[in-house]
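Student: All I have is the shape, not the residue letters:
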């Protein structure tokens, strides 16, 4: 389903390696799940989970997708945004805005910016 069809105006892609031997081609819609658990090789998986849940609850107008950077469908974006393995990379409305796991205050600042 397209972004416009869901009524979203903002799009946030979080490139984050998934703890699996398979690479999913399906984006994860955080509004359809109750929990998000990050793999243990991240700097702080609990913090990543907290930030993603916060966005889901406080910013329903933001479409959030988590994408494994090894997904071949996103190769161009991975190269464009210089995504590094083992660290979350945040792309908001087509622009790389953060690497690692932001604090709630940092994510608020990112999401309050236009474009």
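Tutor: Everything's here; your move. Predicted model only: the values in this text are computed from it and were never measured.

Student: mind listing the strands for the protein?
Tutor: 10-15, 62-67, 89-92, 95-99 (DSSP state E).

Student: which residues touch residue 78?
Tutor: 15, 69 (C-beta atoms under 8 Å, 6 or more residues apart in numbering). All C-beta atoms are positioned from the backbone trio N, CA, C, and that covers glycine.

Student: and if we set it to 10 Å?
Tutor: Listed by C-beta atoms under 10 Å, 6 or more residues apart in numbering, the contact set of residue 78 reads 15, 67-72, 84-85, 89, 91.

Student: Now which of the residues you listed would you call buried?
Tutor: 15, 67-71, 89, 91 (16 or more other C-beta atoms under 10 Å).

Student: nearest to residue 108, of these?
Tutor: Relative to residue 108, the closest of these is residue 91; by C-beta to C-beta it sits at 17.3 Å.

Student: does the closest one really touch residue 77, like I thought?
Tutor: Yes: the criterion here is C-beta atoms under 10 Å, and residue 91 meets it with residue 77 at 7.0 Å.

Student: which residues are in contact with both of these two?
Tutor: With contacts taken as C-beta under 10 Å, 6+ apart, residue 91 and residue 77 have 13, 15, 67, 83 as neighbours in common.

Student: Closest one of these to residue 109?
Tutor: Using C-beta to C-beta, the shared contacts of residue 91 and residue 77 come closest to residue 109 at residue 13, 18.0 Å.

Student: Give the burial count for that closest one, as a bare number.
Tutor: Close neighbours of residue 13, defined as other C-beta atoms under 10 Å, add up to 22.

Student: residue contacts, the residue nearest to it when sequence neighbours are not counted?
Tutor: What sits nearest to residue 13 in space, not counting adjacent residues and going by C-beta to C-beta, 6 or more residues apart in numbering, is residue 91, at 4.5 Å. Neighbouring residues of residue 91 by C-beta under 10 Å, 6+ apart: 11-15, 65, 67, 74, 77-78, 80-81, 83, 97-98.
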